[in-house]
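Q: Take this sequence and fold it.
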Amino acid sequence: MRAMRVVLELACLAATLAVAISTQLSGNQVIAHYVDISDRGQSRLLAVDGAGNLFVVSTIIEPWGRAQIRVTKTDPVGNVLASLDFGGSNPSAPDSVAGAAADAEGNLVISGTTSSADFPLVHPLFPAGIPGAAFVAKIDSQLQHILFSTRLGGAKLSPQGGGYTTAGALALDGSGNIYVAGATNATDFPVTTNAFQIAPPQAGDFGTPSYAFVTKISADGTKLVFSTYLGASGTICSSDPFHIDCSPAYTSISAMRIDAAGSVVIAGSTDAKLPVTPGAYLMQCSACAQKQPSGFLAKLTPDGSKLSWATYLAPSASSKSPSTSCRNSVSRRSSTCSITSSASASRNSSSARRGRLD
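A: Sure thing, here's the model as predicted:
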């Protein structure tokens, strides 16, 4: 029987429970082990390599008060094999993680966001710059060394508040190439010449809009294969005549997959006028003009130069299709989405929506 592995965060014990059904055991046997991640830690991500070993990625507070990222590797039945801590030292904005995946050699790739000026850079693709950037780190299979780590973002702040980048998703293809996606309002974010969208966000009276980004880095971390923006500038204001609230447009990516042909499928949220394609499932977002973000789904060609298709994912109130709404911001560094259908909306109107995808 295929192995199944689950990691449950036990907040009261601040530990992780690794659960595995081993291929050497019968289908109803379960082996469980606690993986200690310190008394002030939270498990965030889980990845598995080709041999069935587990990587638990956590954020912790070390005994002397420094926040760190901790990677713990276990065998398929949950026995701890190795552990590694890394990260910067900004106490007011600790490093966060967004994605983790193991490559064919068992090395672990992690993406996240750092506001630390001293985040460890190893053979970086981009030099150190302003805090408030995404990062990519690749760690060897034994958790002994960081093979490479680099920041990914702008090099300077703009007078209108632009310059920040957050990671939202990570994926690897069959060759081990690394794809990172998220949100940025950096006007000098590194994009490649033939990318789908190279024009940066245009600042307005209420600040700099945030665009989504998709970046592909070679497996060894030495080459920027392609990098593109995806978004639209503008100002979004509420429709309440008694309290007009305006903010720059926002687009972010929170999920990403690479298909068999190498195309990049992305999902996220936006309140901007995105370049949706003719014949798309939903070509307009009527709620976006009222500061109610919509989900979106899109597909980029393997070289990142074209948009194969793109659609919004928030039907009108009369539609029977599921609707997706998301709230997120570069400054808030979070993305929360709710999925409902018109049939269930009335049943849920008296209670808080619980179908959240974080």
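
Q: what's the distance between the residue lying closest to T74 once chain neighbours are set aside and L45?
A: Leaving aside its sequence neighbours, T74 sits nearest to L54 (CB to CB, 6 or more residues apart in numbering; 4.7 Å). For every residue, glycine as well, the C-beta is placed using N, CA and C. To L45, L54 is 11 Å away according to CB to CB, to the nearest Å.

Q: Looking only at neighbour counts, state which of the two leads.
A: Ranked by neighbour count (other CB atoms under 10 Å), L54 and L45 place L54 first, with 27 against 22.

Q: and H145, how many neighbours?
A: Close neighbours of H145, defined as other CB under 10 Å, add up to 12.

Q: how about the helices in the stretch 251-358 of the chain?
A: 342-348 (DSSP state H, counting those that start in this stretch).

Q: Tell me which stretches of it form strands.
A: Counting by DSSP state E, counting those that start in this stretch, the stretch 251-358 of the chain has strands at residues 251-258, 264-270, 294-300, 307-312, 323-329, 334-340, 356-357.

Q: Pick out the shakiest of those strands, pLDDT-wise.
A: The weakest mean pLDDT among those belongs to strand 356-357, with a mean of 30.

Q: what about the nearest residue to A280 once chain neighbours are set aside, how many neighbours?
A: Residue nearest to A280 in three dimensions, not counting chain neighbours: T311, with 3.7 Å by CB to CB, 6+ apart. By the criterion of other CB under 10 Å, T311 has 17 neighbours.

Q: how close does T311 sit to L147?
A: T311 is 38 Å from L147, by CB to CB.

Q: Same check on N177?
A: According to CB to CB, N177 and L147 sit 15 Å apart.

Q: Could you do G78 as well?
A: 26 Å.

Q: so who does V191 touch?
A: 197-198, 213, 227-229 (CB atoms under 8 Å, 6 or more residues apart in numbering).

Q: correct me, but I69 touches T59?
A: Yes - counting by CB atoms under 8 Å, I69 does reach T59; the two are 6.0 Å apart.

Q: Need the residues touching each of those two.
A: 95, 97.

Q: what about the two, which has more around it?
A: I69 (25 against 22).

Q: For the residue nearest to the more buried one when sequence neighbours are not counted, give me the pLDDT.
A: Of all residues not flanking I69 in the chain, G87 sits nearest, at 4.6 Å (CB to CB, 6+ apart). As predicted, G87 sits at a pLDDT of 95.

Q: G87 contacts A67, correct?
A: Yes - G87 is within contact range of A67, at 6.8 Å (criterion: CB under 8 Å).

Q: Common neighbours of the two, please.
A: Joint contacts of G87 and A67 (CB under 8 Å, 6+ apart) are 94-95.

Q: neighbour count winner among the two?
A: G87 (25 against 20).

Q: residue contacts, that one?
A: Contacts of G87 (CB under 8 Å, 6+ apart): 67-69, 94-95, 114, 116, 119-120.

Q: same check, this time on G50
A: Here G50 is in contact with 102, 104, 106 (criterion: CB under 8 Å, 6+ apart).

Q: Among those residues, name the ones in strands.
A: Residues of the contacts of G50 located in strands (DSSP state E): A102.

Q: Give me the buried entries from the contacts of G50.
A: A102 (16 or more other CB atoms under 10 Å).

Q: can you tell me which of the contacts of G50 lies nearest to A133?
A: Among these, A102 lies closest to A133 (CB to CB), at 23.9 Å.

Q: excluding its backbone neighbours, what's nearest that closest one?
A: D49 (4.0 Å).

Q: What of L282?
A: Y312 (4.2 Å).

Q: Can you tell me the number of residues neighbouring that neighbour?
A: 24.

Q: Contact partners for P127?
A: With CB under 8 Å, 6+ apart, P127 has these contacts: 121, 155.

Q: So it lies in a strand, does it not?
A: No - counting by DSSP: H, G, I helix; E, B strand; the rest coil, P127 is not part of a strand but coil.

Q: what about the stretch 51-200 of the chain, any weak spots by pLDDT?
A: Under the criterion pLDDT under 70, the flagged ranges of the stretch 51-200 of the chain are 159-162.

Q: can you do 90?
A: 61-66, 77-78, 90-92, 127-132, 154-163 (pLDDT under 90).

Q: What are the boundaries of the strands in it?
A: 54-61, 67-74, 80-86, 96-102, 108-114, 133-139, 146-152, 165-172, 178-184.

Q: Now distance to I217 too, for the ones you listed, in a markdown table please.
A: As requested, the strands of the stretch 51-200 of the chain are exported to a markdown table (distance: least, CB to CB, whole Å):
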| stretch | distance to I217 |
| --- | --- |
| strand 54-61 | 19 |
| strand 67-74 | 19 |
| strand 80-86 | 18 |
| strand 96-102 | 13 |
| strand 108-114 | 9 |
| strand 133-139 | 6 |
| strand 146-152 | 8 |
| strand 165-172 | 10 |
| strand 178-184 | 4 |
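
Q: about what we covered before: which one of the contacts of G87 has the most neighbours?
A: Ranking the contacts of G87 using other CB under 10 Å puts T114 first, with 28 neighbours.

Q: who does it bridge with?
A: For T114, the beta-bridge assignment (DSSP bridges) gives partners A133.

Q: these two touch, right, it and D95?
A: Yes - the criterion here is CB under 8 Å, and T114 meets it with D95 at 4.6 Å.
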